[in-house]
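S.K.: take a look and give me a structure for this.
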Amino acid sequence: GVQSLRGKENFFITEENNNQEIYFIIAFAYVKKAAAMANKELGVVKPEVADAMIWACDELINNTEKYRDQFITDWLQGGAGTSTNMNANEVISNLAIEHLGGKKGDYSIVNPNNDANFGQSTNDTYPTAIHLSCMFRSNILIKAAEELRDALYAKAKEFDQTLKMGRTHLQDAVPMTLGQEFHGWGFTLNDEIENLKEAQKHLLVVNLGATAIGTTVTAAPGYPELAVNNLAKLTGMPFKNSADLIAATSDCGAYQTLSSAIKGLAVKMTKICNDIRLLASGPRCGLKEINLPQLQPGSSIMPGKVNPVAAEVANQASFLAIGLDTTVMLAASAGQLELNVMEPVITYALYTQMKVMTNACNTLRTKLVDGVTANTERCKEYVMNSIGIVTLLKPHFGYQKCAAIAKEGYTTGKSLHQIVVDEQHLLTQAEWDAIFNTQNLINP
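M.R.: Below you'll find the model as predicted:
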């Protein structure tokens, strides 16, 4: 329709249409279906028109790919999403018109404004559709993060007897297992998964029926409650309207909460990827405690070089998601009076965050974590050659004596065993073996 065309012609910013996010189309169809059902029950839209629009919405929900090219507006647009709302209204109206035997564009049969948008406004249908589509998309992100967490836990179990050196400040600290390291990564990811689930609770509070600013002007009495109940039943998600529709119409707190949770996941992912790249550094002149799957040649000039590309790309996805959180924050703060007109850029930022972080989780899991192996002997060698294990002698000799032993080792290059057992005879070999046996190092 003409309003869709105006939106397409006026806003050419990202060069990407919002039809790239299939759940956005599906979510809008659910919102419009809930509205049509409510208006039919309240008797404010003709039953045959409402039924035709409900059929059209079902078409969009069940055969989304068939109609994907009909959603033509850019992600970024002025008008707080009006072009996108009218795009949905025009598609639904024209489908309904054809279903009733008419020709596209004969709005005397089904009208985009008077029927598809009856008792509605962009200011309540657009954000409600965003909330629903973010539920769909965040569920996929959570699943990807859970699978990555579980893959890390599986490797933790596999490496639970692999002794290695723990490090603080990038310096030798005390022994641990490689399994403990992998478990720690999975555990920190799980915190962010829980935060994402908490953020979803905010998405379930919407303003459907608020219409222009939250006063429900033009909506039939009882419409807000009926429409939101319909949406909950149709989606199986416990949506409810805010107790203050005026506040909800201008507030973007749910988006901020979701974006912040995604950023938290990205921060944890960055740390994990940095650790993996350090532990895999080498192969001859780095730590080389773990081996990563070799995915592709690492250089156009250096033969045989292989890079940790899966970790590198997951890092970059995380940086992008972190940066987009600033976009969401700025846009959420830019609301004025009864409406925040910056929701289109918030939508674009959120979808991009969730998309890249989902793909990053899947890539890191399938291209790296699932195939990582341990250099067990290299790990153990680091432990036994480290001066850091002098910490285990502190209960026997005290801090000052151990510090002197450590200093001698650092300055002379002698091993701890050489100083303690061979030269100073502070421990017998049997006593040394009892303290520094593998099981005691793993579970001191």
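S.K.: pull out the buried residues from the strand or helix carrying residue 199.
M.R.: Using DSSP states H and E, residue 199 falls within helix 178-203. By neighbour count on 16 or more other C-beta atoms under 10 Å, the buried set for helix 178-203 is 178-183, 185-186, 188-190, 192-193, 195-196, 199-200, 202-203. C-beta: built from backbone N, CA, C; applies to glycine.
S.K.: strands along the stretch 151-300 of the chain, start to end?
M.R.: Ranges of strands in the stretch 151-300 of the chain, per DSSP state E, counting those that start in this stretch, are 163-168, 171-177, 205-206, 240-241, 290-291.
S.K.: same for the last one, what does it pack against?
M.R.: What that stands for is strand 290-291. In terms of contacts (3 or more C-beta pairs under 8 Å, 6 or more residues apart in numbering; DSSP states H and E), strand 290-291 is packed against strand 373-374.
S.K.: ok, now with 10 Å
M.R.: Under the contact criterion of 3 or more C-beta pairs under 10 Å, 6 or more residues apart in numbering; DSSP states H and E, strand 290-291 touches helix 178-203, helix 253-279, strand 373-374, helix 376-384.
S.K.: make JSON lines out of these and add mean pLDDT and distance to residue 52.
M.R.: Shown next, in JSON lines, are the helices and strands packed on strand 290-291 (pLDDT from 0 to 100; distance: least, C-beta to C-beta, whole Å):
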{"stretch": "helix 178-203", "mean pLDDT": "98", "distance to residue 52": "30"}
{"stretch": "helix 253-279", "mean pLDDT": "97", "distance to residue 52": "33"}
{"stretch": "strand 373-374", "mean pLDDT": "96", "distance to residue 52": "60"}
{"stretch": "helix 376-384", "mean pLDDT": "93", "distance to residue 52": "68"}
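S.K.: of these, which is nearest residue 218?
M.R.: Of all the helices and strands packed on strand 290-291, helix 253-279 sits nearest to residue 218, with 24.7 Å by C-beta to C-beta.
S.K.: show me what the closest one is packed against.
M.R.: Against helix 253-279 (3+ C-beta pairs under 10 Å, 6+ apart) you get helix 122-158, strand 163-168, helix 178-203, strand 205-206, strand 290-291, helix 309-332, helix 343-367.
S.K.: angle of the third one against strand 163-168?
M.R.: Yep, that's helix 178-203 we're talking about. In terms of direction (axes from the mean of the first three to the mean of the last three C-alpha atoms, to 10 degrees), helix 178-203 departs from strand 163-168 by 60 degrees.
S.K.: what packs against helix 178-203?
M.R.: Partner elements for helix 178-203 (3+ C-beta pairs under 10 Å, 6+ apart): helix 122-158, strand 163-168, helix 253-279, strand 290-291, helix 343-367, strand 373-374.
S.K.: which residues sit against the last one?
M.R.: Which is strand 373-374. 155, 158-159, 161-162, 164, 177-179, 182, 279, 289-293 (C-beta atoms under 10 Å, 6 or more residues apart in numbering).
S.K.: next: the second one.
M.R.: Under the criterion C-beta under 10 Å, 6+ apart, residues 171-181, 275, 278-279, 287, 289-290, 374-376, 378-386, 388-389, 438-439, 441-442 lie in contact with strand 163-168.
S.K.: go again with 6 Å.
M.R.: 172-174, 176, 178, 289, 379-380, 382-383, 386, 438, 441-442 (C-beta atoms under 6 Å, 6 or more residues apart in numbering).
S.K.: element containing the spatially closest residue to residue 133 that is not a sequence neighbour?
M.R.: Distances taken as C-beta to C-beta, 6 or more residues apart in numbering place residue 27 nearest to residue 133, at 3.7 Å, with adjacent residues excluded. Per DSSP H and E, residue 27 falls inside helix 22-41.
S.K.: contacts for that helix, please.
M.R.: 18, 45, 47, 50, 53-54, 57, 60-61, 64, 71, 88, 92, 118, 120, 125, 128-129, 132-133, 136-137, 223, 226-227, 230-231, 234-235.
S.K.: please indicate which of these are buried?
M.R.: 18, 45, 50, 53-54, 57, 60-61, 64, 71, 88, 92, 118, 120, 125, 128-129, 132-133, 136-137, 223, 226-227, 230-231, 234-235.
S.K.: quick check: the residue nearest to residue 292 when sequence neighbours are not counted vs residue 135, distance?
M.R.: Nearest non-adjacent residue to residue 292, counting by C-beta to C-beta, 6+ apart: residue 280, 4.9 Å away. According to C-beta to C-beta, to the nearest Å, residue 280 and residue 135 sit 37 Å apart.
S.K.: neighbour count for these two, which is higher?
M.R.: residue 280 (22 against 18; other C-beta atoms under 10 Å).
S.K.: could you check how far the more buried one is from residue 340?
M.R.: Residue 280 is 45 Å from residue 340, by C-beta to C-beta.
S.K.: same question for residue 435.
M.R.: 63 Å.
S.K.: so for these two, which residue has more residues nearby?
M.R.: Remark: of residue 435 and residue 340, residue 340 carries more neighbours, 21 against 17, as counted by other C-beta under 10 Å.
S.K.: dump the residue contacts of the more buried one.
M.R.: 250, 252.
S.K.: now do the end-to-end distance for stretch 95-112.
M.R.: For stretch 95-112, the separation between the terminal residues is 11 Å (C-alpha to C-alpha, to the nearest Å).
S.K.: and what of stretch 68-76?
M.R.: Across stretch 68-76, first to last residue, C-alpha to C-alpha, it's 18 Å.
S.K.: quick revisit: which of the helices and strands packed on helix 178-203 sits closest to residue 402?
M.R.: strand 163-168 (16.8 Å).
S.K.: buried ones in the closest one?
M.R.: Counting neighbours by 16+ other C-beta under 10 Å, strand 163-168 gives 163, 164, 165, 167 as buried.
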